[in-house]
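Visitor: No sequence on hand, only this structure:
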């Protein structure tokens with residue numbers, strides 16, 4: 001683990017996707033925290049205060065829209081950038097994600113370069 005890297009929380013219930021994301025981001029000197037469901041993601045966001053959150057929408061226990069809304073409407077966590085990374089591509093989903101406070105909305109399958117560029121745009125390297 002890189003001690004001076006920025007901390008990113010990945011909230012993703014599919015282990016394969018979470019692990020690929022984790023390896024890719026660690027290779028770019030980010031510290032990675034993982035959560036498998038919305039409740040765990042919300043709790044880790046509150047306790048660990050990551051620099052950025054990569055958030056799926058379809059999650060067990062609490063969906064990504066609710067997690068984002070709960071963080072963005074709490075002034076202690078409102079400044080944490082959230083990238084929604086999801087298979088949901090409908091315009092209504094994109095609008096709901098942005099209404100829930102997401103800073104970016106990206107769809108799966110995604111290009112790693114695009115995700116890394118968006119992370120750098122939001123928090124730097």
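Guide: Nice, I can see it. Everything numeric in this text was worked out from a predicted model, so none of it was measured. Numbering: from 1, shown residues only.

Visitor: going on from the helix or strand where residue 22 lies, what's the next piece of helix or strand?
Guide: Taking DSSP states H and E as the definition, one finds residue 22 inside helix 15-26. Downstream of helix 15-26, the first helix or strand assigned by DSSP H and E is strand 31-35.

Visitor: Please name the strands paired to that following strand in the sheet, noting orientation.
Guide: Strand partners for strand 31-35, identified by DSSP bridges, are recorded as strand 7-11 (parallel).

Visitor: neighbouring contacts of the strand it pairs with?
Guide: Here strand 7-11 makes contact (C-beta atoms under 8 Å, 6 or more residues apart in numbering) with 18, 21-22, 25, 30-38, 40-41, 44-45, 48-56, 59, 64, 67, 119. C-beta here means a position set from N, CA and C on the backbone, and glycine is covered the same way.

Visitor: could you give the angle of that strand to helix 15-26?
Guide: 170 degrees (axes from the mean of the first three to the mean of the last three C-alpha atoms, to 10 degrees).

Visitor: Averaged pLDDT, strand 7-11. What do you get?
Guide: Confidence for strand 7-11, expressed as mean pLDDT, is 98.

Visitor: Identify each buried residue in the helix holding residue 22, please.
Guide: With burial defined by 16 or more other C-beta atoms under 10 Å, the residues of helix 15-26 counted as buried are 17, 18, 21, 22, 25.

Visitor: And the one residue sitting closest to the centre of the chain, its phi and psi?
Guide: By C-alpha atoms, centre = their mean, the chain has its centre lying nearest to residue 54, at 1.3 Å. Taking degrees, to the nearest 10, you get phi -100, psi 120 for the backbone angles of residue 54.
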